[in-house]
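Q: Sequence first, predicted model second:
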Amino acid sequence: MPEIFAQVILPLPLHDAFTYRVPEKWQLQIKPGQRVVVQFGAKKFYAALVLSLSEDAPANIDLKEIVQLLDEEPVILPQNLELWKWMAGYYCCTLGDVFRAALPTGLKLESKSKISLTGNDDEQEIGEKEFRILELIKQDVSTPDSLQKKLGLDFSYAALKSLLDKHIIQVEEKIDAKYKAKSETWVRLHPDIKSEKDLLEKEESLQRAKKQQELLVHFVEKTGAFQAAEQPVVSKKELLKGTNFSSAILEGLVQKKILKSFQQQVSRIETNTSKQADLNLLNKYQQQALAEVKTCFDNNLVTLIHGITASGKTEIYIHLIDETLKQGKQALYLLPEIALTTQIVERLKNVFGSKVGIYHSRLNSQERVEIWKKVLLFQSDPGEGYQVVLGARSSVFLPFSNLGLVIVDEEHENSFKQFDPAPRYHARDMAIVLGKQNNANVLLGSATPSYESFYNALMGKYGLVSLTKRHSNVELPEIIVADLTRAWKRKQMHSVLTPELFGLMEDALNNREQVILFQNRRGYSPFIQCFTCGWIPKCENCDVSLTYHKFKKRLSCHYCGFSIAMPPECPECGSPEIKTRGFGTEKIEDELKPLFPGKRIDRMDLDTTRSKNAFGRIIHNLESRKTDILIGTQMVTKGLDFEHVSVVGILNADNLINFPDFRAHERAYQLISQVSGRAGRKYNRGKVVVQTSHPEHPLIELIRQQDYRAAFNTQMTERRLFKYPPYFRLIKLVVKHKKPETVDRAAGQLANLLKRSRDLTVLGPEFPLVSRIQLWYHKEIWVKIHPGLPLADVKRFILENISWVRSQPENSSCMVNVDVDPA
Ligand SMILES: Nc1ncnc2c1ncn2[C@@H]1O[C@H](COP(=O)(O)OP(=O)(O)OP(=O)(O)O)[C@@H](O)[C@H]1O
Ligand SMILES: [Zn+2]
């Protein structure tokens with residue numbers, strides 16, 4: 001047999017795949033997409049993934065053998081790996097980075113080399129160091145790491161190796177998959193009992209073991225043995241539930257060979273047994289839009305559906321998914337993490353039943369592995385595998401075998417972008433690549449498309465379909481701009497509410513309608529300050545002030561989690577007068593309670609949704625009208641669909657508009673339109689109050705007119721002028737080090753090198769808004785790239801210069817993150 005070599009990806013930030021020899025015993029079995037154990041470096045073992053196989057050995061080097069083959073079948077398909085390669089190339093990261101992001105934790109493996117005695121120690125000469133190692137192994141110190149810890153300089157790998165060579169010790173390379181199938185004990189009749197007569201005989205034999213007899217009768221009743229046609233089996237849990245029988249009684253029957261117990265794997269995923277509902281009939285606008293989308297698909301176009309809030313985009317998606325399933329293909333429906341609420345999950349499950357898998361980060365790792373395997377299963381067993389996945393960002397990595405449709409809902413959402421660690425990918429853009437690679441249709445949807453996507457649509461690169469009517473035929477809400485400065489001056493404010501907003505809230509609440517208030521800051525107040533000396537507490541690790549959380553009576557950092565107790569007095573001057581500054585959601589909740597006595601106020605932000613079910617509870621309470629007023633951060637803007645919300649308040653639009661980011665206006669427009677869109681979705685036209693100190697700001701006027709096109713056009717002029725996307729591509733480089741002088745120097749060197757290219761526009765280096773996070777100083781360099789330039793060459797040029805800067809001894813341990821298309 002010719003020799004076979006495997007190219008494997010290691011879970012390390014290394015650029016290449018590495019080649020190993022395949023031992024003869026696995027030559028017939030090994031396939032790309034399987035996991036293998038390999039030794040890398042002198043002493044480390046890793047679970048790697050086979051990328052490809054070949055018969056040609058690389059010429060120069062001495063190759064190691066694969067230590068172990070972990071999977072019988074691939075955990076990922078060759079076509080899925082195409083996406084990995086594309087991603088690593090495009091986002092300037094390594095295949096190892098993609099590997100770590102792609103597989104669910106439960107399929108990634110941990111390596112622990114365990115050393116044990118062989119029992120073979122007959123009179124061999126051993127040295128001092130070998131002796132000490134042996135003594136420790138006898139006391140169960142069993143890994144090289146822990147030996148090294150105990151022995152310090154007395155530890156030597158040579159001594160360890162010598163003991164191995166003498167066969168006194170052995171290495172058990174114990175690599176175990178974290179995922180273990182969950183199993184349950186089940187009970188059935190012992191196979192010796194073949195007829196009802198056998199059963200009766202056994203029962204009589206139990207005259208002197210009353211409890212056992214009773215349990216046997218209970219078993220027969222429960223399973224209908226010899227009466228019902230089905231297999232008389234029941235889970236142990238089910239059998240003993242609500243009875244006084246103990247496990248010991250059951251064990252007695254098993255020992256007497258009357259019952260038999262066995263282990264059976266169970267799924268951790270709740271099985272949905274709900275009946276499948278029919279599809280809703282589309283209204284005439286939706287029908288028209290659906291037809292247009294299909295025409296675009298026929299022309300092989302990625303398509304953008306721009307449909308106002310509550311126009312019923314979801315219904316169109318459901319119809320498209322349905323058609324995809326009828327063609328026997330799979331569909332992927334991507335949503336931002338936070339929009340994956342019970343509302344949308346239920347809607348999909350009602351229609352597609354057990355064909356739908358849900359995949360997001362709130363699942364535990366076991367559950368994620370099961371979803372992964374059921375998506376994979378579709379290839380061999382379409383009846384059992386998942387045909388539809390509703391998922392967040394990382395579901396682009398799932399092992400689809402026959403993808404026909406990819407939908408990206410709320411495509412403008414920047415949470416589709418992974419910020420840290422690498423790969424810093426954008427799931428919307430990856431969805432488009434995934435679609436291309438699989439010949440699947442791609443549909444992007446939003447009420448406020450990202451300016452990049454809308455631009456692509458206007459340029460004819462994407463198909464464009466519009467929906468301009470709400471399903472209920474109710475008009476988009478009326479937007480009222482309220483002047484904060486004027487109301488403060490005239491002393492008309494009710495806490496944080498202008499008289500306009502306060503009045504509308506009172507009316508709505510009196511009519512049993514609901515209100516949503518949006519504030520983009522959580523906590524009680526963004527900072528506190530000593531009234532006497534002006535002291536403001538800051539984070540120890542980051543360059544930010546600490547946010548006050550009243551309920552916890554603590555000040556905490558929203559970047560690193562550092563927190564301290566609220567000081568009773570100013571540590572600088574001793575004054576007891578410490579004032580809270582600004583309004584977070586927690587403070588607003590506090591202040592509104594006395595303004596609306598008897599009304600139920602709830603809050604939805606990161607702090608109130610940490611527990612697993614909190615999110616669902618808040619939504620349920622709003623849906624069932626147990627909540628009158630909901631205060632929330634960005635979370636309340638995402639796709640929520642409630643019938644009785646009639647007033648929405650944006651408490652401070654200026655925070656959004658004045659953010660120092662080239663996307664600030666785009667984002668402010670999106671956020672305000674999205675949250676406004678929660679009002680008046682079904683019955684009467686809703687009202688939205690936008691509070692601002694700058695009512696004359698041009699963006700505020702565009703928001704008031706709800707003119708997406710005009711807002712887009714104004715921004716495009718600026719983007720073109722200042723060389724921003726979609727006219728130019730951006731790559732952001734972040735140089736990091738614990739010493740500010742090193743960051744300064746390295747970033748300066750890098751920027752100067754890049755500026756030598758006359759084709760590129762290089763900005764910086766500059767300290768970002770928050771220049772120190774978790775003790776690391778940051779400095780940013782922005783590279784603007786003309787669309788005519790070959791991107792791959794530009795990236796290579798950047799990476800080469802980064803390598804050079806990092807290789808300078810004075811910059812040692814300096815990190816540089818590369819962020820392609822920063823969001
Ligand atoms: N054809 C239809 N038949 C019955 N109900 C519909 C239909 N179309 C839409 N609806 C209902 O109208 C409401 C709004 O629809 P949907 O949530 O799909 O809007 P959307 O366009 O996704 O809005 P948003 O962008 O705000 O998330 C939902 O309650 C939905 O069930
Ligand atoms: Zn911090």
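A: Happy to help now that I have it. Ligands and ions are numbered 1, 2, ... in the order given.

Q: Which residues in stretch 606-617 does the neighbour count mark as buried?
A: For stretch 606-617, burial by neighbour count (16 or more other C-beta atoms under 10 Å) applies to 607-609, 615. C-beta: built from backbone N, CA, C; applies to glycine.

Q: just curious, which of those residues is nearest to ligand 2?
A: Asp607 (16.3 Å; C-beta to the ion).

Q: which SS class is that closest one?
A: coil (DSSP: H, G, I helix; E, B strand; the rest coil).

Q: Excluding chain neighbours, what is closest to it?
A: Arg522 (5.7 Å; C-beta to C-beta, 6 or more residues apart in numbering).

Q: Which stretches in the stretch 51-200 of the chain count as helices?
A: 78-90, 95-102, 128-138, 144-151, 157-165, 196-205 (DSSP state H, counting those that start in this stretch).

Q: Output those helices as JSON lines; include the columns distance to ligand 1 and mean neighbour count.
A: Converted to JSON lines, these look like this (distance: least, C-beta to the nearest ligand atom, whole Å; neighbours: other C-beta atoms under 10 Å):
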{"stretch": "helix 78-90", "distance to ligand 1": "27", "mean neighbour count": "18"}
{"stretch": "helix 95-102", "distance to ligand 1": "28", "mean neighbour count": "23"}
{"stretch": "helix 128-138", "distance to ligand 1": "62", "mean neighbour count": "16"}
{"stretch": "helix 144-151", "distance to ligand 1": "51", "mean neighbour count": "15"}
{"stretch": "helix 157-165", "distance to ligand 1": "60", "mean neighbour count": "16"}
{"stretch": "helix 196-205", "distance to ligand 1": "54", "mean neighbour count": "14"}
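
Q: Those helices: lowest mean pLDDT?
A: Ranked by mean pLDDT, the helices of the stretch 51-200 of the chain bottom out at helix 157-165, with a mean of 69.

Q: Looking at the helices of the stretch 51-200 of the chain, spot the one closest to Leu376.
A: helix 78-90 (9.4 Å; C-beta to C-beta).

Q: Any figure for the gap between the residue positioned nearest the centre of the chain and Ile344?
A: Per C-alpha atoms, centre = their mean, the C-alpha nearest to the average position across the chain is that of Ser361, at 4.6 Å. According to C-beta to C-beta, to the nearest Å, Ser361 stands 16 Å off from Ile344.

Q: hang on, isn't the residue nearest to the centre of the chain packed against Ala392?
A: Yes - look at Ser361 against Ala392 with C-beta atoms under 8 Å: they come within range, at 6.5 Å.

Q: Mind listing the shared neighbours of those two?
A: Glu337 (C-beta atoms under 8 Å, 6 or more residues apart in numbering).

Q: In a helix, Phe352, correct?
A: Yes - looking at Phe352 with three-state DSSP, it is inside a helix.

Q: What residues does it make contact with?
A: Counting by C-beta under 8 Å, 6+ apart, Phe352 has contacts 276, 321-322, 325, 387-388.

Q: which of those residues tops the neighbour count?
A: Ile321 (27 neighbours; other C-beta atoms under 10 Å).
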